[in-house]
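Asks: Need coordinates for the following:
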Amino acid sequence: MNQHFEVIVIGGGSMGLSTAYHLSKRKTKTLVLERFTFLNQTGSSAGVSRQFRIPYPEPYMVQMVLDSVPYWDELQSHTQKPLLDKVGTLWFGDPEVKSTEGNIKAAEDSLKAKNVPFTKLDFKQIEEQYHFRNLPSNYVGLFQPDGASIDLRATLETLLAHNKQSEYVSLQEGVEIKSIVEKGKLFEVKTQFHTFTTEKLVLTPGPYIDEVCRLLNFGTEVIYWNMSSAYFKKTDAYINYPTWFVFQNPEGKSGNEFYGFPEVSWDHPGYIRVAPDFVINPIPSPKQRTSIPNKAEIAFTSQWVKEHMKGLDPTPYFESTCFMALSSNANKELIIDFAPDYVPNHENIVVYGTGWAGKFVPFMGRILSDLILDGKTPYDISPFKLGNQFFKAI
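Replies: This next block holds a predicted model:
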């Protein structure tokens, strides 16, 4: 193998594969290094469904989703498998609650600001139209019809297949990065097998972002969530749900906010995935990551399904976790930035990390490829250029 590349992408999950996909379109000689296997379930790509939804409390996030649509359409042209199952998005719950997802009223204002259509609902309409029950009378909702369930496995498979076929992309899995050393205008990336050189680095290792950044002598201020998830068997074959999120005040140890998906053919047919949007005990480092979910979090989820969802057996099946690194600010924002200026060649190191960005997969690769090749992107990423807050010299 030739040991020199124009760009090395560290992390071969959804964002790394999407970055390589876009770099190949610009005929850039690219190497993707993945510590596990491609299509693995070890990082933040765990689970095979994600929510594509437009409601956000910030207009810039609504715009980000709208900007992603042409990139989803373009990626769809490369596969026969539907990548998005368009079922709509339902946000509902206590209108006063503000959470990491935002607030219902703020989301309404953002959708109006961007001229995105939606329908407002009271608690009875939510129950009658979307199969929930026993909701408090003060609950309100909004339904946005363009929401979808993302087939993440098919998305990753499509990106991986394209990269494998590209003459510009090389892929290596099972690779441990031992060191990254600046050598003049180059970086020397040493693994347990080979040493590579490159002019430019894109860091997309998901929840392992801090470990990789530390090889370049800076750290990231993040918190780690080992998020629980379970599936619930349908007892009524005719009932289905949109993608949804419920806003509620915490109750004791329960964060009391949950989200869910429709039944889909690619992800345990006959079952519906419901998960808590909170963790009781964040973990201190990736070394504590486990595929075994917190029993209390699953129990709270099961109880909510029992009390408030029709047509489901509240017994949890196929329990799992999704491992996340999140920024420590209130909104758990994405970080998309260059390395700090005290790092040699910092303008040739692009860092993506933290947050939930499954809905942006094909679009994020475009942004990261723009940044590493051009030093800028035509899209507004100013809300995510947070390196000055979260990168720390070590």
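Asks: Quick check, pLDDT for the nearest residue to residue 334 once chain neighbours are set aside.
Replies: Closest residue to residue 334 in three dimensions, ignoring its sequence neighbours and counting by Cβ to Cβ, 6 or more residues apart in numbering: residue 355, at 4.0 Å. To be clear about C-beta, it is placed using only N, CA and C from the backbone, and glycine gets the same treatment. Predicted confidence (pLDDT) for residue 355: 87.
Asks: Check the secondary structure at residue 355 for me.
Replies: coil (DSSP: H, G, I helix; E, B strand; the rest coil).
Asks: my guess is it contacts residue 328, does it?
Replies: No - the criterion here is Cβ atoms under 8 Å, and residue 355 misses it with residue 328 at 11.5 Å.
Asks: in this structure, which spans are helices?
Replies: Secondary structure of the chain (DSSP state H): helices located at 14-25, 59-76, 104-113, 123-130, 152-165, 209-213, 295-308, 361-374, 387-390.
Asks: so of those helices, which one's packed in deepest?
Replies: Counting by mean count of other Cβ atoms under 10 Å, helix 14-25 has the highest mean neighbour count of those, with a mean of 26.
Asks: List the contacts of that one.
Replies: Residues outside helix 14-25 that contact it (Cβ atoms under 8 Å, 6 or more residues apart in numbering): 7, 9-10, 30, 32, 34, 38, 45, 75, 152, 155-156, 159-160, 162-163, 166, 168-169, 171, 202, 204-206, 352, 357-358, 361-362, 364-366, 368-369, 372-373.
Asks: can you list the domains in this structure?
Replies: 4-46+153-221+330-393, 74-151+223-327 (automatic domain parsing).
Asks: Pick the most buried one from the ones you listed.
Replies: Most buried among these, counting by mean count of other Cβ under 10 Å: domain 4-46+153-221+330-393, with a mean of 20.
Asks: Take stretch 306-313, keep the C-alpha atoms, and write them as CSV.
Replies: What follows is stretch 306-313 as a C-alpha-only set of coordinates in CSV (Å, rounded to 0.1, in the frame of the first residue of the first chain):
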residue,chain,number,x,y,z
LYS,A,306,-47.6,0.4,29.5
GLU,A,307,-49.3,3.6,30.6
HIS,A,308,-49.3,5.7,27.5
MET,A,309,-48.9,3.7,24.3
LYS,A,310,-51.6,1.6,22.6
GLY,A,311,-51.0,-1.7,20.8
LEU,A,312,-47.7,-2.7,22.5
ASP,A,313,-46.7,-5.3,25.0
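Asks: So what's the gap between that stretch and the chain middle?
Replies: Relative to its chain's centre, stretch 306-313 lies at 27 Å (Cα atoms, centre = their mean, to the nearest Å).
Asks: Need the contact partners of it.
Replies: 131-135, 232-236, 238-239, 241, 260, 272, 274, 305, 314.
Asks: now do 7 Å
Replies: The contact list for stretch 306-313, computed with Cβ atoms under 7 Å, 6 or more residues apart in numbering, reads 131-135, 232-236, 239, 272, 305, 314.
Asks: same deal with stretch 63-82?
Replies: 54, 83-84, 114, 151, 154, 158, 162, 359-360, 362-363, 366, 379.
Asks: got the contact list for residue 248?
Replies: Shown in contact with residue 248 (Cβ under 7 Å, 6+ apart): 93, 94, 97, 256, 257.
Asks: quick one on the thing from earlier: to residue 319, which of the helices of the chain lies closest?
Replies: Proximity to residue 319, assessed across those by Cβ to Cβ, is greatest for helix 295-308 (6.0 Å).
Asks: would CSV of the domains of the chain with distance to residue 64 be doable?
Replies: Below are those laid out as CSV (distance: least, Cβ to Cβ, whole Å):
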stretch, distance to residue 64
domain 4-46+153-221+330-393, 7
domain 74-151+223-327, 10
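Asks: With residue 59 as the reference, name the closest of those domains.
Replies: Counting by Cβ to Cβ, residue 59 lies closest to domain 74-151+223-327 out of the domains of the chain; the figure is 4.7 Å.
Asks: Tell me how far that closest one lies from the chain's centre.
Replies: Relative to its chain's centre, domain 74-151+223-327 lies at 14 Å (Cα atoms, centre = their mean).
Asks: Likewise for stretch 334-354?
Replies: In terms of Cα atoms, centre = their mean, the centre of stretch 334-354 is set 19 Å apart from its chain centre.
Asks: which residues touch it?
Replies: Defining contact as Cβ under 7 Å, 6+ apart, one finds that stretch 334-354 is touched by 15, 182, 185, 187, 199-204, 209, 213, 216-218, 220, 222, 325-327, 355, 357, 364, 367-368, 371-372, 375, 381, 384-387, 390-391, 393.
Asks: Can you name the residues that contact residue 164?
Replies: Applying Cβ under 7 Å, 6+ apart to residue 164 gives the contacts residue 171.
Asks: go on, residue 154?
Replies: Residue 154 is in contact with 79, 81, 83, 266, counting by Cβ under 7 Å, 6+ apart.
Asks: Any chance of the contacts of stretch 63-82 in CSV with pLDDT and distance to residue 62 as columns?
Replies: As requested, those are exported to CSV (pLDDT from 0 to 100; distance: Cβ to Cβ, whole Å):
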residue, pLDDT, distance to residue 62
54, 98, 6
83, 98, 21
84, 97, 17
114, 98, 5
151, 96, 23
154, 96, 25
158, 98, 26
162, 98, 29
359, 96, 11
360, 97, 13
362, 98, 18
363, 98, 14
366, 98, 18
379, 98, 13
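Asks: Turn the residues you listed into CSV, including distance to residue 121.
Replies: Shown next, in CSV, are these (distance: Cβ to Cβ, whole Å):
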residue, distance to residue 121
54, 16
83, 28
84, 23
114, 20
151, 27
154, 31
158, 35
162, 40
359, 22
360, 27
362, 31
363, 29
366, 35
379, 32
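Asks: Please identify which of the contacts of residue 248 is nearest to residue 108.
Replies: residue 93 (13.1 Å).
Asks: one step back: looking at the contacts of stretch 306-313, which two lie furthest apart in space?
Replies: 135 and 233 (22.5 Å).
Asks: does residue 370 really touch residue 381, like I thought?
Replies: No - Residue 370 is beyond contact range of residue 381, at 9.5 Å (criterion: Cβ atoms under 7 Å).
Asks: Okay, and the beta partners of the closest residue to residue 203 other than its chain neighbours?
Replies: Among residues not flanking residue 203 along the chain, residue 351 sits closest, at 4.8 Å (Cβ to Cβ, 6+ apart). Following DSSP bridges, residue 351 is listed with bridge partners residue 203, residue 337.
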